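Peer 1: Sequence first, then the predicted structure, then my questions.
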Amino acid sequence: MTYNLLKGKKGIIFGALNDMSIAWKVAEKAHEEGARFVLTNTPVAMRLGTVDELAQKCNAQIIPADATSVEDLENLVVKSMEIFGGKIDFILHSIGMSPNVRKGLSYDNLNYDFYQKTLDISALSFHKVLLVCRKLDAISEWGSVVALSYVAAQRTLYGYNDMADAKSLLESIARSFGYIYGRDKKIRINTISQSPTLTTAGSGVKGMDKLLDFSERMSPLGNASAEDCAGYCVTLFSDLTRKVTMQNLFHDGGFSSMGMSLKAMTQYDKSFRDDDLEGD
Ligand SMILES: NC(=O)c1ccc[n+]([C@@H]2O[C@H](COP(=O)([O-])OP(=O)(O)OC[C@H]3O[C@@H](n4cnc5c(N)ncnc54)[C@H](O)[C@@H]3O)[C@@H](O)[C@H]2O)c1
């Protein structure tokens, strides 16, 4: 079912790598809802991924940009405004990467150059996008900017590593810039804290299969899929959520409010029984 929620709206979508990417699903949904947008990712991701296919499907142009480079971002925003013949209404920041996670370095044995890269790619890039847009006065009044986060920003989850720190910073940037941009331009900035999702970035998280199972059992509504997330993003880009800003919005089937569920307790109980059997 489509509602034309984004009819006439123009946007920039960061982070579609392949058809598992959350940004890919957001692009498909935004297209269905009538939006026009530019797709962007790093030149490497363009080569390794399949974003061309998405661009064709959504009738979108691709402008490569490394989101840690202010120069690349300026080029992206200027060119996007040329394509649209005006300002941008929405932006999705769907970017995350930790070299420490990639190299298997644990939180108590981090490489600090990698740590800075994690923060730059996964959090500061959001500040850079917002600052570049502000300097170029690129976002329309009542425009909407969304970045994707994870509950590890608030709670410690084994194996999420320095990405937890990056997500805390990302959410803080949404609040700090949300105030300034809201006050001056009526532009809203939020983060969506998404369930674990099987994507290229997601599969880098230690023990992802177990984490998916655990959060599925813990969440009364079950894990939110990438498609579900796309639906939520579209509502935030639409005019129906004009007074929502500076929020970290949990989109996780209820996980973040749970302590223990029947399904998780049952599984936990089983493991004790297995332990007993092993002891026999
Ligand atoms: N998958 C999950 O379990 C999950 C859960 C909550 C939040 N998130 C967040 O969702 C977002 C999207 O991740 P995903 O799960 O769709 O995985 P993904 O691997 O499909 O997307 C990550 C994207 O970041 C891009 N990227 C990396 N470095 C970049 C740079 N320097 N400049 C521009 N782009 C760069 C990659 O090319 C890729 O397209 C990330 O912020 C991630 O942390 C993911």
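Peer 2: That came through, no problem.
Peer 1: Leu170 touches Tyr150, doesn't it?
Peer 2: No - proximity of Leu170 to Tyr150 does not meet the contact threshold set by CB atoms under 8 Å, at 9.4 Å. Just so you know, the C-beta spots here come from the backbone N, C-alpha and C atoms, and that holds for glycine as well.
Peer 1: contacting residues around Ala65?
Peer 2: Contact analysis of Ala65 by CB atoms under 8 Å, 6 or more residues apart in numbering lists 14, 40-42, 72-73, 75-76.
Peer 1: Over to Leu39?
Peer 2: Leu39 neighbours (CB under 8 Å, 6+ apart): 13, 16, 27, 51, 54-55, 58, 60-63.
Peer 1: Can you show me the helices along the chain?
Peer 2: 22-32, 43-48, 51-58, 70-84, 99-102, 112-119, 125-135, 163-185, 208-218, 226-237, 262-279 (DSSP state H).
Peer 1: and the protein, which residues reach the ligand?
Peer 2: By CB under 6 Å from any ligand atom, the part of the chain that sits against the ligand consists of 14-15, 17, 21-23, 41-42, 45, 66-68, 94-97, 121, 148-150, 194, 196-197, 199-202.
Peer 1: Generate a ChimeraX selection restricted to the buried subset of the residues you listed.
Peer 2: Restricted to buried positions by 16 or more other CB atoms under 10 Å, the ChimeraX selection for the residues of the chain next to the ligand reads:
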select :14,15,17,21,22,23,41,42,45,66,67,68,94,95,96,97,121,148,149,150,194,196,197,199,201,202
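Peer 1: Specify the stretch among the helices of the chain that is closest to His251.
Peer 2: Closest to His251 of the helices of the chain is helix 226-237 (CB to CB; 5.0 Å).
Peer 1: What is the longest strand seen in the chain packed up against?
Peer 2: Ordering each strand of the chain by length in residues (DSSP state E) puts strand 139-149 first. For strand 139-149, the contact count by 3 or more CB pairs under 8 Å, 6 or more residues apart in numbering; DSSP states H and E identifies strand 88-93, helix 125-135, helix 163-185, strand 188-194, helix 226-237 as packing neighbours.
Peer 1: so where's this structure shaky on pLDDT?
Peer 2: 277-280 (pLDDT under 70).
Peer 1: Neighbours of the nearest residue to Met81 once chain neighbours are set aside, how many?
Peer 2: In space, and not counting its chain neighbours, Met81 is closest to Ala138: 5.9 Å by CB to CB, 6 or more residues apart in numbering. Ala138 is flanked by 22 other residues according to other CB atoms under 10 Å.
Peer 1: Kindly report the same for Pro220.
Peer 2: Neighbours around Pro220, by other CB under 10 Å: 12.
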